[in-house]
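> Predicted structure and sequence below. I'll ask about it afterward.
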Amino acid sequence: MAALVTPVDVENRLMGKTFTADESAVVKFWIGDLEADIRARISNLTELAEDSGYLSTLKRVITAAIKRVLDNPKGLRQMSISIDDYNRSETIDSSASAGLLYIADDDWGLLVPLLEGDAFSIRSYGEPDRVRNWISSTAWEPR
């Protein structure tokens, strides 16, 4: 299965960052990992990505996940720099300080397509037809 996002797509969104051959290979693996995570929840991802708007959102989400790792590859929580009399200290946001490759909860909200009638409902999993079929096939009788 061909990747929907490429290292070049990530480069284009990282403001002038050009990957070396080694970096590009690692980013390609990260893209594969992220796409696998997304496909585990969204089985029809390839079909959804045929829409250019959805594909653009997918590229943005994957790039954001990779950028979190590139911005803080060591997973530092705090950084201090001291040169002579100059001192600078920064605390890195907890979501960025993890240094982990993951899709943020807000990004999942962008990727998971809404189903009809989802505006004010809670679903325990993504296939409501299964629930309807199960309910209609079970005979419930009051005691």
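Received the coordinates, thanks.
> how deep is the closest residue to Arg39 other than its chain neighbours tucked in, by neighbour count?
In space, and not counting its chain neighbours, Arg39 is closest to Leu45: 5.2 Å by C-beta to C-beta, 6 or more residues apart in numbering. Just so you know, the C-beta spots here come from the backbone N, C-alpha and C atoms, and that holds for glycine as well. Counted by other C-beta atoms under 10 Å, the residues lying close to Leu45 total 17.
> can I assume Leu45 is in contact with Ala36?
No. Leu45 is beyond contact range of Ala36, at 10.2 Å (criterion: C-beta atoms under 8 Å).
> coming back round to it: contacts only, for the residue nearest to Arg39.
Neighbour list for Leu45: 4, 35, 38-39, 58 [criterion: C-beta atoms under 8 Å, 6 or more residues apart in numbering].
> Against Asp22, how distant is Asp106?
31 Å (C-beta to C-beta, to the nearest Å).
> Please report how far the residue nearest to Arg39 lies from Val112.
Here the criterion is C-beta to C-beta. By it, Leu45 lies 11 Å from Val112.
> Can you list the residue ranges for strands in this protein?
Here the chain has its strands, by DSSP state E, at 78-83, 86-91.
> would you turn these into JSON lines with mean neighbour count?
Listed next are these as JSON lines, based on neighbours: other C-beta atoms under 10 Å:
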{"stretch": "strand 78-83", "mean neighbour count": "9"}
{"stretch": "strand 86-91", "mean neighbour count": "9"}
